[in-house]
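Enquirer: Pasted the sequence and its predicted model underneath.
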Amino acid sequence: MTPTPTGRLITTADGRDLVLTRRFAGSVDDVWASITESERTARWFGSWVGEPGAGNTVTVTMVAEEGNPEVQVHIDACDPPHHLALSIQDPTGTWRLEGHVRAVDGGAELELVHHLPAEADPRDTGPGWEFYLDRLVASVTDGPVPDFGDYYPAQSAYYEEAGG
């Protein structure tokens, strides 16, 4: 499998945003459930425990990382079924993410925005999110689960040219 990278790097007042989009045949509610319900997030990113809702922190057990590490995820904003903002704490620092779900012709679209910290290298980060979002697509469509080796380092050059 040779996945095609799709992310964009956008310069902002605070640095750069990595923006990736995926389209789904399902409804907005189905995509929302795929990014917010523990049973569904466990299929592509990680299961979580804790009290959901804006202002709360949940613990996510990653499913595609070596050793299945746990990370703390603060829910910065949650406006079902269209907007989710998170801050993920891991050993490398804080990752600020937003998910925007909207209806499109014949289905729904998820736009993931990773507000990159200055030290983040899109040559590493971009392929990782391409991999995870393709895992999300596979979980929704019952398609084949992608292999990270098909993404990294193969897609690093794309992100270097995009502004990495």
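Expert: That came through, no problem. In this text, all values refer to a predicted model and were calculated from it rather than measured experimentally.
Enquirer: all contacts plus neighbour counts: C-alpha atoms, from now on.
Expert: Fine.
Enquirer: Can you show me the strands along this structure?
Expert: 8-12, 15-24, 46-49, 57-62, 70-79, 83-90, 93-104, 107-116 (DSSP state E).
Enquirer: Where does the prediction get shaky in the chain?
Expert: Per-residue confidence for the chain (pLDDT under 70) gives these ranges: 164.
Enquirer: mind giving me CSV with the strands of the chain and columns for distance to residue 157 and mean neighbour count?
Expert: Below are the strands of the chain laid out as CSV (distance: least, CA to CA, whole Å; neighbours: other CA atoms under 10 Å):
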stretch, distance to residue 157, mean neighbour count
strand 8-12, 13, 15
strand 15-24, 15, 18
strand 46-49, 28, 18
strand 57-62, 26, 19
strand 70-79, 29, 17
strand 83-90, 26, 18
strand 93-104, 22, 18
strand 107-116, 18, 20
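Enquirer: Which of the ones you listed sits closest to residue 2?
Expert: strand 15-24 (16.8 Å; CA to CA).
Enquirer: Need the residues that contact that closest one.
Expert: 6-11, 31, 107-118, 122, 126, 129-130, 133, 137 (CA atoms under 8 Å, 6 or more residues apart in numbering).
Enquirer: what angle do that strand and strand 107-116 make?
Expert: 160 degrees (axes from the mean of the first three to the mean of the last three CA atoms, to 10 degrees).
Enquirer: Strand 15-24 pairs with which strands?
Expert: Its sheet considered, strand 15-24 pairs with strand 8-12 (antiparallel), strand 107-116 (antiparallel) by DSSP bridges.
Enquirer: residues in contact with the residue nearest to residue 140 when sequence neighbours are not counted?
Expert: Take residue 140 and drop its neighbours on the chain: the residue closest to it by CA to CA, 6 or more residues apart in numbering is residue 34, 7.6 Å away. Residue 34 sits next to 40, 41, 136, 140 when contact means CA under 8 Å, 6+ apart.
Enquirer: among those, which two are most distant?
Expert: 41 and 140 (10.5 Å).
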